[in-house]
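# sequence and predicted structure are below.
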Amino acid sequence: MLTDVEIDEAVEKLKTVGTAQELKQLKDAFFGNSGLIKQALSILKQASMEHRRQDGPRLQAFKVRLETAIAEAEVRIAALSVSDKMRAEASSLPFRVPKLGHLHPLTATIREMNRFFERMGYSVYDGPEIENDEFNFQRLNIPKDHPSRDMQDTIYIDAPNILLRTHTSAVETRALTQLKPPFRIVCPGRVYRNEKPNKSNHFIFHHYEAMVVQERTSLAELFGTLEMLFKHMFGEKVVIRFRSKYYPQVEPGVGPDMRCFNCEGKGCAICKHVGWIEMGGAGIIHEDILSMAGIDPKKYMGFAFGLGLDRWVMAKYNVTDIRTLLGGNLAYPYFEHERSQI
């Protein structure tokens, strides 16, 4: 008769058996024609009635225990076989390292600039890309017959009133009618003009504008804000200048330029061979702009600036052709500082 020790040893072997061949050998050793279970049953048949009553249930329990252990071993070995097969198939497949996803340079730059201005007390403001003539032009001191309209090749959806915004200054004109002074806002967004694309211009591009309306301000505060932004984005050694410029919505108006990042001021196709890149426009908000929005220009004043965001991105990421920013190319390099921006 099988002992408890023999059964325990058999169950432990079944738990560690590693191949189908080894499992078959163990099954034959117990349940084969000359296996131990068959021998024990044969012996039990020849035993007395008293021994059969005593050893029969015990032998049956041993048999069930072994069958259970064998079934578990079969499931485990079958799973191992599938795993080995999949591993073998996988090793024969071609393997390519997946590309690491990251933020588009435009998105990364907008988020970085947003954080910079939020720390200075500004709020991020948004508006529609499909605008009307009033908010895109008239409330910026640009009436229908104003010559500055010729400087913006507008894309009209339903002429002469419905159009794709030519600047995010349209967001500022809406904010002037919706917010109560004092306030500080920034307005990043996509804008459109009917231009022929080249290395430094595109018919779809991006603006980043800011507007401050409060009781007192000055060009000194405007220049200081822009200088801090340039140094934050491009480092302490960045070289900038301010030129007197005309914009109908500000008086006086200035244009911040940065020494060309591509040629270091020597002259190239990106800077049109002048050594400087125009990075935006700025100035003190015209009194008429405030009056049209119902804000008393004798009590409040402000400054505003609009930046050509794509050119900031080009300078920051050393992109030499603005067309690549919207070209669907996934090959932009990954920058370590973007880890904190995702």
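Everything's here; your move. Numbering: from 1, shown residues only.
# buried residues, the helix or strand containing Leu176. List them.
Per DSSP states H and E, Leu176 falls inside helix 169-178. In terms of neighbour count (16 or more other C-beta atoms under 10 Å), helix 169-178 has its buried residues at 169-176. C-betas here are computed from N, CA, C, even on glycine.
# again with stretch 216-232
217, 222-223, 225-226, 229-230.
# before we move on, the earlier item: by contact count, what packs against the helix holding Leu176?
Secondary-structure packing of helix 169-178 (3 or more C-beta pairs under 8 Å, 6 or more residues apart in numbering; DSSP states H and E): helix 133-136, strand 183-192, strand 204-214, helix 287-292, strand 301-308.
# can I get the CA coordinates of it in CSV?
Extracted as CSV, the C-alpha positions of helix 169-178 are listed here (Å, rounded to 0.1, in the frame of the first residue of the first chain):
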residue,chain,number,x,y,z
SER,A,169,-5.2,91.8,-31.2
ALA,A,170,-8.9,90.9,-32.0
VAL,A,171,-8.9,89.0,-28.7
GLU,A,172,-7.7,92.2,-26.9
THR,A,173,-10.5,94.3,-28.4
ARG,A,174,-13.0,91.8,-27.1
ALA,A,175,-11.3,91.7,-23.7
LEU,A,176,-11.5,95.5,-23.5
THR,A,177,-15.3,95.3,-23.7
GLN,A,178,-15.6,92.3,-21.3
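# what angle sits between it and strand 183-192?
140 degrees (axes from the mean of the first three to the mean of the last three C-alpha atoms, to 10 degrees).
# just the buried residues of stretch 216-232 now: which is nearest Ala73?
Comparing these against Ala73 with C-beta to C-beta places Leu229 closest, at 70.4 Å.
# can I assume the closest one is in contact with Met113?
Yes. Shown here, Leu229 and Met113 form a contact pair, counting by C-beta atoms under 8 Å, at 7.3 Å.
# now do the domain split for the chain, please.
4-91, 105-341 (automatic domain parsing).
# could you pull out the helices for the stretch 101-250 of the chain?
105-119, 133-136, 169-178, 219-234 (DSSP state H, counting those that start in this stretch).
# and Cys263, helix, strand or coil?
Using DSSP: H, G, I helix; E, B strand; the rest coil, the structure places Cys263 in coil.
# ok, the buried residues of helix 169-178 vs Cys260, which is closest?
After measuring the buried residues of helix 169-178 against Cys260 - C-beta to C-beta - the closest member comes out as Ser169, at 25.9 Å.
# burial count for Lys144?
9 (other C-beta atoms under 10 Å).
# dump the residue contacts of Ala175.
Shown in contact with Ala175 (C-beta atoms under 8 Å, 6 or more residues apart in numbering): 125, 127, 183, 185, 187, 211.
# show me the shaky parts of the stretch 151-300 of the chain.
Low-confidence segments of the stretch 151-300 of the chain (pLDDT under 70): 151-152.
# same thing but at 90, please
151-154, 159-160, 194-203, 260-265, 267-273 (pLDDT under 90).
# of the buried residues of stretch 216-232, closest to Lys15?
Distances from Lys15 to those, taken by C-beta to C-beta, are shortest for Leu229, at 69.1 Å.
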